[in-house]
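Student: Let me see the structure of the following:
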Amino acid sequence: MRLICTLAVMLMLVMNDVRGQGVACGTEATARYLAPMQAHAQQIHQHALVPSRTPRTFATSVYIMRQSDGSGGMSMNEFEQIFAELNAMLAPAGITLAVCDSIRYIDSDLYYDFSKVQESSLTNQHYVPQTINLYFPNSVVTGSGTVLCGYAYFPGWQDVVIVDRHCALDGSSLVHEMGHYFGLLHTHGISNALPTDELADFSNCLAAGDDVCDTPAEPNLTGLVDSNCVYTGNVLDNAGMAFDPDPFNVMSYAPKPCRTQITEDQYQRMSYIATYLRDDIQCPTLTASFIVDDPVAVCTDQLTTTLTYNGTGGTACFWDINDDGIADYDSAVIVHTFSGTGTHKVCLTVTNGVDTVTQCHRDAATILDLHPLPYTESFDSLAHGAMLNPDLHYGWTVGDLGPNYGSYSLLIDNYHYNAVDEEDYFMIGPFDLSSIPVPYLSYRIAYAPYSADRWDALRVEISTDCGATFDELTYAEGLTLSTMNGYVPHQWMPSDSAHWRLEKIPLSAFYNDTILLRFTNITGFGNNLYLDDLTIEPDPLLAFSFIAFKVHPASSGGFDLVWRTADQDLVVAYEIERSRDGTDFSLLDRITVEDPREAVFHYHDGSDTGGQYRIKGILADGSVQYSPIVHASSKSEQPGRAFPNPASDVMFVNDIGGNSPPALYDLMGRLRAVPVQRANGHYRFKLDHLGSGVYLLVNGSTAERVIKY
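Tutor: Sure thing, here's the model as predicted:
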């Protein structure tokens, strides 16, 4: 225990020493992060000539991290002191920060000592839109363990400022990071490692260094200013002239006690940013946000889920589920059953007795039921498919490419998605592939990776069990995924047909399955990814297909199988397969094609077992094509009854006609399963989601007990 305590004390001393060096600012000033602000460079410089500054108050959501037991963290007295000092420093820019609602405490050992890679998970849980979200953890490090005093984002990015609580008390680090938030650069320029490009004679002050002309050009001052705030360096600029820096500027890397000043031009820059690029900040005292517990249902035409109001300030809630302007529910938590394939819009209106706000989600719930083939989706009006965004940050969306190319496409903004290995999903289906011959998936893709260490990936997956599990069809990342040459170190979008590539994936191996497809984006903080023109259709290059397949009881016992095919010259052999459950097939026999002109084939199965039959056509190129599955009843099977019974994962019921299909209920009368497929004279049920036990099959006017093992 003594050793552990000693190590902890040593670690704190090291961290405090690093904090004291004044070099641990984690704000990234790359071209990517500066682009939104630099687009206003001319206006910012013109604004510097205007002496007046419009006062503005900015709502600030303040979070103090404590340990899980509530101990540790910044005290209220400390916060009140530094917040008052911060406002005093920002006041000449016309900027005042006001706490939105009240101080928020995050009691979590996970976030108490904070790593930058945790930002997405932190802000997913603790973040108020349209406010400055200011966090005070016990410590801050990068993903690789480098100690930081804090970091912020420039205009155009996240409304996030994170400062080590110890650094926040040093008199300048908090102002330094808030300066970045309002558009100030380091006085030594955008790079901490490379020499500044600003000259000591001020001749290029509007286009180099920190883009401010009343701050003298300077090198990175780390180690070049003594404890008396005197510059001790002898560094020369690119023209050979000696620098004469200002070690008192808040945005420098001088020792922190020295950094006490902000110049007039810096204040003017902050004033412009506050007025024009941070103008959406306000404290939302009344919001109408809500969450949906289970937003997607697959292989059914109904979805029962819970919707919960999670906004602020509302004293009464009114839910419009049918998009008819009429309130269907009036409580904060509701349970609703959505019906019908596609997306379902939900609007929530809340009031506090004085004001009223409404928030709508056009795809609050999505039901994916069997969709006919062939299938085409151009995204001009997305009517089928579900988008899942697990971390609630950036995700798939449908966007307009404008006049540059085409119209709408499916896209994900990885350029602004500051996360690594987060997955977002777009799902389409389910599709019964047995309805078309030689099915294949095609889509167009456009993508350009940002750099060698900032690239993203796309994984295309398939499910044959209504989304319970997925298997990978294809995967590509970085330059392999790219449709451009090399890297594109700026936000990119396709502007020419040559920027797109057609991808084609055969699906013949799943010919007899009902499938669900999933496109998974894996972000690497790279660049935008676009998809368009998704299709599932017969492959025109492999047009071989089964025209007919019949199974008849033979007079001598057993069953006769007869099938006809088109484009027979593509086939080298047929394999006859049989199954008892429609899932696991065994080989009965193999027929080699002798005469390619022959198109009608016969096979006799001498067994009276019956079951599910299918024919596998093996093509010359090694690919395969399956016939539809045909059921042949054994003598023990009765019309309208379930088989096999007991059943494992799959069960069949003969179609006896009638107005409604059969359905499976538990012994409490709750609906547990409906057919996932109707073909060849029987219904097919998937039972793998059910627990073992006894269920009741209702088929027309009859009922039958079914055992699931």
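Student: all helices of the chain, in order?
Tutor: 2-20, 31-38, 41-47, 76-90, 109-112, 119-125, 173-181, 264-272, 478-481 (DSSP state H).
Student: Quick check: which of the ones you listed is nearest to residue 459?
Tutor: helix 478-481 (10.2 Å; Cβ to Cβ). For every residue, glycine as well, the C-beta is placed using N, CA and C.
Student: What is that closest one packed up against?
Tutor: strand 457-463 (3 or more Cβ pairs under 8 Å, 6 or more residues apart in numbering; DSSP states H and E).
Student: name the helices or strands packed onto the strand it packs on?
Tutor: Using 3+ Cβ pairs under 8 Å, 6+ apart: strand 457-463 touches strand 439-447, strand 471-477, helix 478-481, strand 514-522.
Student: Dump these to CSV, plus distance to residue 315 and mean neighbour count.
Tutor: Below are the helices and strands packed on strand 457-463 laid out as CSV (distance: least, Cβ to Cβ, whole Å; neighbours: other Cβ atoms under 10 Å):
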stretch, distance to residue 315, mean neighbour count
strand 439-447, 47, 23
strand 471-477, 49, 14
helix 478-481, 50, 16
strand 514-522, 40, 22
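Student: nearest to residue 360, of those?
Tutor: strand 514-522 (25.3 Å).
Student: Report pLDDT for the nearest residue to residue 113 once chain neighbours are set aside.
Tutor: Leaving aside its sequence neighbours, residue 113 sits nearest to residue 139 (Cβ to Cβ, 6 or more residues apart in numbering; 4.7 Å). Per-residue pLDDT puts residue 139 at 94.
Student: With residue 688 as the reference, measure out to residue 420.
Tutor: To residue 688, residue 420 is 34 Å away according to Cβ to Cβ, to the nearest Å.
Student: May I have the strands that pair with the longest strand along the chain, each with its orientation?
Tutor: Scanning the chain for the longest strand, with DSSP state E as the assignment, gives strand 356-368. Using DSSP bridges, strand 356-368 pairs in its sheet with strand 296-298 (parallel), strand 342-351 (antiparallel).
Student: Give the buried residues for it.
Tutor: 357, 361, 363, 364, 365, 366, 367, 368 (16 or more other Cβ atoms under 10 Å).
Student: List the contacts of residue 105.
Tutor: 63, 64, 65, 66, 70, 73 (Cβ atoms under 8 Å, 6 or more residues apart in numbering).
Student: can you name the two of those residues that are farthest apart?
Tutor: Farthest-apart pair in the contacts of residue 105 is 63 and 70; separation 14.4 Å (Cβ to Cβ).
Student: Look at the two and report which has more neighbours.
Tutor: residue 63 (21 against 9; other Cβ atoms under 10 Å).
Student: What does the pLDDT read for the residue nearest to residue 351 when sequence neighbours are not counted?
Tutor: Spatial nearest neighbour of residue 351, chain neighbours left out: residue 316 (5.2 Å); criterion: Cβ to Cβ, 6+ apart. For residue 316, the pLDDT comes out at 93.
Student: Quick check, residue 527 in contact with residue 478.
Tutor: No. At 10.4 Å, residue 527 does not count as touching residue 478 under the criterion of Cβ atoms under 8 Å.
Student: got any residues that touch both of these two?
Tutor: Counting by Cβ under 8 Å, 6+ apart, the contacts common to residue 527 and residue 478 are 449, 455, 456.
Student: okay if I get these as JSON lines plus neighbour count?
Tutor: As requested, the shared contacts of residue 527 and residue 478 are arranged in JSON lines below (neighbours: other Cβ atoms under 10 Å):
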{"residue": "449", "neighbour count": "27"}
{"residue": "455", "neighbour count": "24"}
{"residue": "456", "neighbour count": "25"}
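Student: Can you convert the residues you listed into a markdown table and add a column each for pLDDT and distance to residue 260?
Tutor: As requested, these are exported to a markdown table (pLDDT from 0 to 100; distance: Cβ to Cβ, whole Å):
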| residue | pLDDT | distance to residue 260 |
| --- | --- | --- |
| 449 | 94 | 44 |
| 455 | 92 | 43 |
| 456 | 94 | 43 |
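Student: Which single one of the residues you listed is nearest to residue 665?
Tutor: Looking across the shared contacts of residue 527 and residue 478 and measuring by Cβ to Cβ, the closest to residue 665 is residue 456, at 45.5 Å.
Student: now that closest one: how far from residue 481?
Tutor: Relative to residue 481, and taking Cβ to Cβ, residue 456 is found at 7 Å.
Student: tell me, what's touching these two both at once?
Tutor: The contact lists of residue 456 and residue 481 share 447, 449, 529, where a contact means Cβ under 8 Å, 6+ apart.
Student: Disregarding residues adjacent in the polypeptide, which is nearest to the first one?
Tutor: Once flanking residues are discounted, residue 447 sits nearest to residue 529: 4.8 Å by Cβ to Cβ, 6+ apart.
Student: Report the beta-bridge partners for that neighbour.
Tutor: residue 412, residue 447.
Student: What number of residues are in the vicinity of it?
Tutor: Residue 529 has 27 nearby residues by other Cβ under 10 Å.
Student: ok, now residue 38?
Tutor: With other Cβ under 10 Å as criterion, residue 38 counts 14.
Student: And it, how close does it get to residue 156?
Tutor: Taking Cβ to Cβ, one finds residue 38 at 10 Å from residue 156.
Student: same thing with residue 493?
Tutor: 16 Å.
Student: what does residue 603 give?
Tutor: 68 Å.
Student: Likewise for residue 523?
Tutor: Residue 523 sits 18 Å away from residue 156 when distances are taken as Cβ to Cβ.
Student: picking that back up, could I get the buried residues of strand 356-368 as a markdown table with pLDDT and distance to residue 375?
Tutor: Listed next are those as a markdown table, based on pLDDT from 0 to 100; distance: Cβ to Cβ, whole Å:
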| residue | pLDDT | distance to residue 375 |
| --- | --- | --- |
| 357 | 76 | 39 |
| 361 | 80 | 25 |
| 363 | 80 | 19 |
| 364 | 87 | 24 |
| 365 | 90 | 22 |
| 366 | 90 | 16 |
| 367 | 91 | 17 |
| 368 | 91 | 12 |
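Student: if we can go back for a sec, as CSV, the helices and strands packed on strand 457-463 with mean pLDDT and distance to residue 298 would be great.
Tutor: Output for those, formatted as CSV (pLDDT from 0 to 100; distance: least, Cβ to Cβ, whole Å):
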stretch, mean pLDDT, distance to residue 298
strand 439-447, 93, 18
strand 471-477, 93, 16
helix 478-481, 93, 27
strand 514-522, 95, 6
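Student: among those, which is nearest residue 616?
Tutor: Once the helices and strands packed on strand 457-463 are compared by Cβ to Cβ, strand 439-447 is nearest, at 15.0 Å.
Student: what's the spacing between the closest one and its chain's center?
Tutor: 20 Å (Cα atoms, centre = their mean, to the nearest Å).
Student: contacting residues around residue 172?
Tutor: Applying Cβ under 8 Å, 6+ apart, the residues contacting residue 172 are 250, 256, 257, 259, 260.
Student: Tell me if I'm right that the third one and residue 225 touch.
Tutor: This points to residue 257. No. Using Cβ under 8 Å, residue 257 is not in contact with residue 225; the gap is 10.4 Å.
Student: what about these two, which has more around it?
Tutor: Ranked by neighbour count (other Cβ under 10 Å), residue 257 and residue 225 place residue 225 first, with 22 against 13.
Student: shouldn't the more buried one be in contact with residue 247?
Tutor: Yes. With contact defined as Cβ under 8 Å, residue 225 reaches residue 247; the gap is 4.4 Å.
Student: Tell me what the closest residue to residue 519 other than its chain neighbours is bridged to.
Tutor: Sequence neighbours aside, residue 426 is the residue nearest to residue 519 in space, at 4.5 Å (criterion: Cβ to Cβ, 6+ apart). Under DSSP bridges, the beta-bridge partners of residue 426 are residue 387, residue 519.
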